[in-house]
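Undergrad: Structure here, sequence nowhere to be found:
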């Protein structure tokens, strides 16, 4: 796996990445979550539950994993952390809470992790998660929390996250999306 990851670098996302992020997220959701969610759930969640949160980009807490593909960078993954109360969702989600968290009392939110299907299960998600946890830790947070998709639960559990509760998120198309709130505490 280390050989594969040596071709991947992380950098902070910028507003120039928005179009490519939207494409990556939609492709990841449509392909990688097929066994866990119905098509109606996936499509109903795109744009609200699953999508770009530009506040993370503005806060400089959202990363992209890129690989150099014949001279041009290809986005192969994305993910971030937040010092704000929002647990999940895009700019268009109804669950937005912009208040800042207190690192001494609150958990940093790990947010919006998506991997290109061709790069799935090759360590890209873990690389992004490790970078986010390190940055949040350096900002003073000792607890992390996230809203995991059913697809993501095994990865987060393997990295020390414990299930806290299952949420049923209502979607605009009348469907509901199961999301698992997970948490982790570090030294």
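TA: Cool, got the structure. In this text the structure is predicted, and so the values were computed from the model without any measurement.

Undergrad: can we go C-alpha only for contacts and neighbour counts from here?
TA: OK.

Undergrad: need the strands for this protein, in chain order.
TA: 8-12, 62-69, 72-82, 108-115, 143-148, 162-170, 176-185 (DSSP state E).

Undergrad: Can you list the strands that the fourth one pairs with?
TA: Same thing as strand 108-115. Strand 108-115 has its sheet partners listed here by DSSP bridges as strand 72-82 (antiparallel), strand 143-148 (parallel).

Undergrad: Dump these into TSV; add distance to residue 104 as well.
TA: Converted to TSV, the strands paired with strand 108-115 look like this (distance: least, CA to CA, whole Å):
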stretch	distance to residue 104
strand 72-82	15
strand 143-148	9
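
Undergrad: how about those, which one is nearest residue 117?
TA: Across those, residue 117 has its closest neighbour in strand 72-82 (8.3 Å, CA to CA).

Undergrad: tell me the angle of that closest one relative to strand 8-12?
TA: If you take axes from the mean of the first three to the mean of the last three CA atoms, to 10 degrees, strand 72-82 sits at 50 degrees to strand 8-12.

Undergrad: Pairing partners for residue 110 in the sheet, please.
TA: Applying DSSP bridges to residue 110, the residues it is bridged with are residue 81, residue 146.

Undergrad: for it, what are its contacts?
TA: 79, 80, 81, 82, 87, 129, 132, 133, 144, 145, 146, 147 (CA atoms under 8 Å, 6 or more residues apart in numbering).

Undergrad: how deep is the nearest residue to the last one once chain neighbours are set aside tucked in, by neighbour count?
TA: Setting aside the residues directly before and after it, residue 147 is nearest to residue 181 in space (CA to CA, 6 or more residues apart in numbering), at 4.5 Å. Residues near residue 181, counting by other CA atoms under 10 Å, number 20.

Undergrad: quick one on the thing from earlier: let's have the strands paired with strand 108-115 in TSV, adding mean neighbour count.
TA: Converted to TSV, the strands paired with strand 108-115 look like this (neighbours: other CA atoms under 10 Å):
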stretch	mean neighbour count
strand 72-82	22
strand 143-148	24
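
Undergrad: weakest of those by average pLDDT?
TA: Mean pLDDT across these is lowest at strand 72-82; the value there is a mean of 93.

Undergrad: how much does it deviate in direction from strand 62-69?
TA: Using the same axes, to 10 degrees, strand 72-82 lies at 160 degrees relative to strand 62-69.

Undergrad: Provide the contact partners of strand 72-82 at residue level.
TA: By CA under 8 Å, 6+ apart, strand 72-82 touches 20-21, 24, 56, 59, 61-68, 108-116, 119, 124-125, 128-129, 132-133, 136.

Undergrad: Would you mind confirming that residue 26 makes contact with residue 46?
TA: Yes: using CA atoms under 8 Å, residue 26 makes contact with residue 46 at a distance of 6.9 Å.
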